[in-house]
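1. task: produce atomic coordinates for the following.
(2 chains)
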There are 2 protein chains.
Amino acid sequence: MPVTIIIDAMGGDHAPKEVIRGLNTAMEENENIKAILVGDEQQINDEMKSDNFKHDIEIVHTDEWITMEDSPKIALEQKPNASIHVATKLLNEGKADAIVSGTNTGALVLAAAQNLPMIEGIERSALAAIYPTAKFIEGSHGFSLLLDVGATLKCTAKQLVHFAYMGSYYLSHVMDIQEPRVALLNNGAEETKGGAVLTRTYQYLKDDENITFVGNIEGNDINKGIVDVIITEGFVGNVIIKMMEGTAELLKDTGKYAFKKKISWKLGIAFLASGLKKLKMRTDYSEYGGVPILGFLDPVIKAHGKSNAKAFYNAYKVAVRAVESDVIKHIGASVHDFNAHHQIDDIDI
Amino acid sequence: MPVTIIIDAMGGDHAPKEVIRGLNTAMEENENIKAILVGDEQQINDEMKSDNFKHDIEIVHTDEWITMEDSPKIALEQKPNASIHVATKLLNEGKADAIVSGTNTGALVLAAAQNLPMIEGIERSALAAIYPTAKFIEGSHGFSLLLDVGATLKCTAKQLVHFAYMGSYYLSHVMDIQEPRVALLNNGAEETKGGAVLTRTYQYLKDDENITFVGNIEGNDINKGIVDVIITEGFVGNVIIKMMEGTAELLKDTGKYAFKKKISWKLGIAFLASGLKKLKMRTDYSEYGGVPILGFLDPVIKAHGKSNAKAFYNAYKVAVRAVESDVIKHIGASVHDFNAHHQIDDIDI
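-> All right, here's what the predicted structure looks like:
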C-alpha cells in the first residue's frame, strides 16, 4: 500500500534544499512512498534539478511560508496561504496520509490545531520530545520520550491519561520499543504526591491495562533512561526540554573555554575526543527523525528546524511507520475505552 | 548585639558531630553568636568533649528526632517531641533569633509551618535553592537563587510576587548581591506567555520599584547566571532542582565509565582533573552554607543533609547575617505595600 506524505517544502533553516535531498533518498529506498511538496514551485524545481531528483511527486505552489523568526500566531493570521496552512488543509481533505514539516514548532502546532480534526475523545494535542538518556545504565534504550513539551500548558487528569496512551503507543508502534515503561513526572514517589490532578492521574494509570505504568518519577531520574515515556503538562515539559538544551550548550561552552584556558585541559579534551563525538552522535536529533505532535487524526511529524537531508529522511521514515502501524487507531481505541468507563464530571479536574 | 541561633543538633547525616564542630569554629570567630542546641544531651556532650568545645551554649534535651528516612508528615505526627518541633517552638517563644537545621527538608518545612508565624500578609512559604551557574558568562555571579523548589506546589500571582521580594531581599541583604536581577520562569519571553497567573505576575513585577525585574526567562537560560533570582511555583522548581542533581550525578557516572573504558579517555580525564576539581568546588553546597525557607517571621536556614562542619559553619554565618541585616523586616514592608495597593479579589487568581 503506498503511503502519501505531504511535506512543507519551505519549513526549516535549510528548506527546501535538504527537504528534497532527504526525500530523494527516502523514495530511492522505499517505492511505496508518494509525496506532495507544498511551497514555492520555482525553488522546489530548482532544487530537484540540482539534486538530480528522479521520482514522481506532486507540487502544490504557495507564495507564502512561515519563517523561523515569525511569531507563529501573527504569521498564521497574516499568511493564510502559508505552506503549512495549505499542507495541513490538504491533509485534512484526505490528499495524504501524514505530514512532515521542519517549520517553527509553534506554527505547526497552531496550523494543525486549526486545520486538522482531533482523534475522537481527545481534547488537547501533545508535542513529544525524544531525548538521549544514559546508555550505560541498565534498562536504558538510549532515549526516552517526554510529553507534553508545550502544546498544552495545563492539563486535566483525563488529558494526561490520553497523553500516556499517545506516548506509549508511539514508542511501541513507531519506535519498536516493546511494552514501554510509562511514568508520571511528580515531586515525589508516593501515590499522593503532586496535588489533585496528579493524584487522580496516578490512580487512572495504575489501573490501566493498556499501558505499563511504573509510577511517579522525579526530576533526577529524567535523564537515566529507566523509563521510556514521561508524562507531564506542557509548561513543565517545556521548561525541562529547554533546560536540557541549555545544559548541552553550557557543556559545549565549558569545553571550549577549558580548551583555550590551559594546555593540560586542551590535551585532556583531545584525549576525550572520541568519547565526546559519541556523546554528540547520541544527542544528534537527525538520528531520531523528528518528533510527533499527537492527538490529531493523521500523523504530524515535526522535523527539527536545523534538519539536514538525513534528518528529513528519518522524519519521512517515521511518518511512513506511523501510517503503516496504524498508531492513531490504537490510540483512539484506548481513549474511547477510557472515556466510556469514566464519568466526564469525575475526570474533569 | 548578640545573635542567638537555635540549632537542631540531630539534623543531618553527620549530626550531632559536624553540627558541633561547625559551631565551634563559628563561635571562635564571632563572639556575638549565642547558641541553643536541641537534641540528645548525652550525644551532644560527648561530641563537645571530643571536639574540645569551650564556648558557653545552652542544651535543650529531646529524646526524639527525625531521621532522613522518616516520612516527614508521619514522623512529625508520631514524634511530637522531635528536636525540630521543640526547636521551632522555642524560636516562636522568642528564645532565639534564627534556626539552623540539617534535617529532612520536608520535615523542616512542615515543622516551621506548624510552629512559626508567617510574615504578615504572606500566605505561603518558599524554599529557595542556590545553585552554581556558568562563571565565565558575563554578568554571572557564579550562582543564582531559585524559588520555590517545593514548599508551595501551586501559586497565585500574589504569592509569586511575594516570592520575588523574598528572593531579591535575601540576595541583597544576606548574600551581598547588589540589585539582584529577578526573572519569572516561563515558556517564552513575551509578556503574555504562560497562562493567566504568570501573565498577571509579569504585570505586577514589571511595575514594581522594589525589585529589578528583567522579564521572563526560559529553561535554557537557568544555568547561565544571567539573572540572580528565578521565580516559579514549587512543583516546577522541585523538578528543576532535582534535574540539576540528576545531571550532575550522570556526568560523574559518565566520567567514571569513560575512565574505565579506554586508556585515552582515562588520560583525558586525568589531564582535566584540575578543571573538574574547580567544577566540583563550584557545585559544592558546603560553600553556600544552607538555603533559606522564606515567609516566616524568623530566619529558617536549611543546611544540606550531607553537611560537614564547614557547611554548618557557613549556615550559622548565613543565619547571623539574616538576623543582622533585618532581611525579614524588609520583605515584610514590601509585602505590606503590595497587598495594600492591590485588591485581594483582584490578585487571587
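2. ranges for the strands of chain A?
-> With DSSP state E as the definition, chain A shows strands at residue ranges A:3-8, A:33-39, A:58-61, A:98-101, A:126-132, A:143-147, A:181-185, A:212-217, A:229-231, A:291-294, A:300-302.
3. using a markdown table, lay out the ones you listed together with mean neighbour count, mean pLDDT and distance to residue A:82.
-> All C-beta spots, glycine's among them, are computed from the backbone N, C-alpha and C. Output for the strands of chain A, formatted as a markdown table (neighbours: other C-beta atoms under 10 Å in any protein chain shown; pLDDT from 0 to 100; distance: least, C-beta to C-beta, whole Å):
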| stretch | mean neighbour count | mean pLDDT | distance to residue A:82 |
| --- | --- | --- | --- |
| strand A:3-8 | 26 | 98 | 9 |
| strand A:33-39 | 24 | 97 | 9 |
| strand A:58-61 | 15 | 97 | 12 |
| strand A:98-101 | 29 | 98 | 11 |
| strand A:126-132 | 24 | 92 | 19 |
| strand A:143-147 | 26 | 94 | 26 |
| strand A:181-185 | 25 | 98 | 34 |
| strand A:212-217 | 20 | 98 | 39 |
| strand A:229-231 | 29 | 98 | 32 |
| strand A:291-294 | 27 | 95 | 17 |
| strand A:300-302 | 26 | 97 | 16 |
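4. can stretch A:92-104 be said to contact chain B?
-> No. Contact of stretch A:92-104 with chain B is not found when judged by C-beta under 8 Å from any C-beta of the partner chain; the minimum separation is 12.5 Å.
5. where does the stretch 51-200 of chain A come near chain B, residue by residue?
-> A:134, A:136, A:137, A:150, A:153, A:154, A:185, A:187, A:194, A:195.
6. let's see that with 10 Å instead.
-> A:71, A:73, A:106, A:133-137, A:149-150, A:153-154, A:185-188, A:190, A:192-198 (C-beta under 10 Å from any C-beta of the partner chain).
7. which of the residues you listed are buried?
-> A:106, A:133-134, A:149-150, A:153, A:185-187, A:193-194, A:197-198 (16 or more other C-beta atoms under 10 Å in any protein chain shown).
8. of the residues you listed, closest to chain B?
-> Nearest to chain B among these, counting by C-beta to the nearest C-beta, is residue A:187 at 4.3 Å.
9. quick check: phi and psi at that closest one.
-> phi -100, psi 20 (degrees, to the nearest 10).
10. identify the residue spatially nearest to it, adjacent ones excluded.
-> With sequence-adjacent residues excluded and distances taken as C-beta to C-beta, 6 or more residues apart in numbering or on different chains, residue A:187 is closest to residue B:238, at 4.3 Å.
11. picking that back up, sort out for me which of the buried ones among the residues of the stretch 51-200 of chain A next to chain B are in helices.
-> A:106, A:197, A:198 (DSSP state H).
12. before we move on, the earlier item: can I get the strands of chain A in TSV with distance to residue B:209?
-> Below are those laid out as TSV (distance: least, C-beta to C-beta, whole Å):
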stretch	distance to residue B:209
strand A:3-8	47
strand A:33-39	50
strand A:58-61	55
strand A:98-101	45
strand A:126-132	39
strand A:143-147	40
strand A:181-185	37
strand A:212-217	42
strand A:229-231	41
strand A:291-294	43
strand A:300-302	43
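13. of those strands, give the one that comes closest to residue B:18.
-> Closest approach to residue B:18 among the strands of chain A (C-beta to C-beta): strand A:212-217, 32.0 Å.
14. which helices and strands sit right next to the closest one?
-> helix A:157-174, strand A:181-185, helix A:196-206, strand A:229-231 (3 or more C-beta pairs under 10 Å, 6 or more residues apart in numbering or on different chains; DSSP states H and E).
15. give me the helices and strands touching the last one, please.
-> Going back to what we said before, that points to strand A:229-231. strand A:126-132, strand A:143-147, helix A:157-174, strand A:181-185, helix A:196-206, strand A:212-217, helix A:234-261.
16. reformat the ones you listed as CSV; add distance to residue B:67.
-> Output for those, formatted as CSV (distance: least, C-beta to C-beta, whole Å):
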stretch, distance to residue B:67
strand A:126-132, 36
strand A:143-147, 33
helix A:157-174, 34
strand A:181-185, 27
helix A:196-206, 26
strand A:212-217, 22
helix A:234-261, 31
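17. looking at those, which is nearest to residue B:163?
-> helix A:234-261 (16.5 Å).
18. tell me what angle the closest one forms with strand B:181-185.
-> Calculated by axes from the mean of the first three to the mean of the last three C-alpha atoms, to 10 degrees, helix A:234-261 forms an angle of 130 degrees with strand B:181-185.
19. what pLDDT does residue A:281 get?
-> Per-residue confidence (pLDDT) for residue A:281: 58.
20. swap that for residue A:306, please
-> On the pLDDT scale, residue A:306 gets 88.
21. same thing with residue A:349?
-> Reported pLDDT for residue A:349: 51.
22. with residue A:72 instead?
-> pLDDT, read off for residue A:72, is 82.
23. show me what contacts it?
-> A:66, A:84, A:103, A:104, A:105, A:106, A:107, A:108, A:109, A:110, A:111 (C-beta atoms under 10 Å, 6 or more residues apart in numbering or on different chains).
24. distance of the residue nearest to it when sequence neighbours are not counted relative to residue B:270?
-> Nearest non-adjacent residue to residue A:72, counting by C-beta to C-beta, 6+ apart: residue A:106, 3.4 Å away. Going from residue A:106 to residue B:270 by C-beta to C-beta, to the nearest Å gives 46 Å.
25. now the ones in helices among the buried ones among the residues of the stretch 51-200 of chain A next to chain B as TSV including pLDDT?
-> Shown next, in TSV, are those (pLDDT from 0 to 100):
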residue	pLDDT
A:106	90
A:197	95
A:198	96
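26. show me where pLDDT drops low in the stretch 101-250 of chain A?
-> Along the stretch 101-250 of chain A, no part satisfies pLDDT under 70.
27. could you check the pLDDT of residue A:342?
-> Here, the pLDDT recorded for residue A:342 equals 86.
28. same thing with residue A:54?
-> Residue A:54 is assigned a pLDDT of 89 by the prediction.
29. find the nearest non-adjacent residue to it, please.
-> Spatially, and ignoring its direct neighbours in sequence, residue A:54 is nearest to residue A:24 (8.0 Å; C-beta to C-beta, 6+ apart).
30. and the residue of the stretch 1-150 of chain A nearest chain B?
-> For the stretch 1-150 of chain A, C-beta to the nearest C-beta, closest residue to chain B: residue A:136, 5.1 Å.
31. I am finished for the moment; much appreciated.
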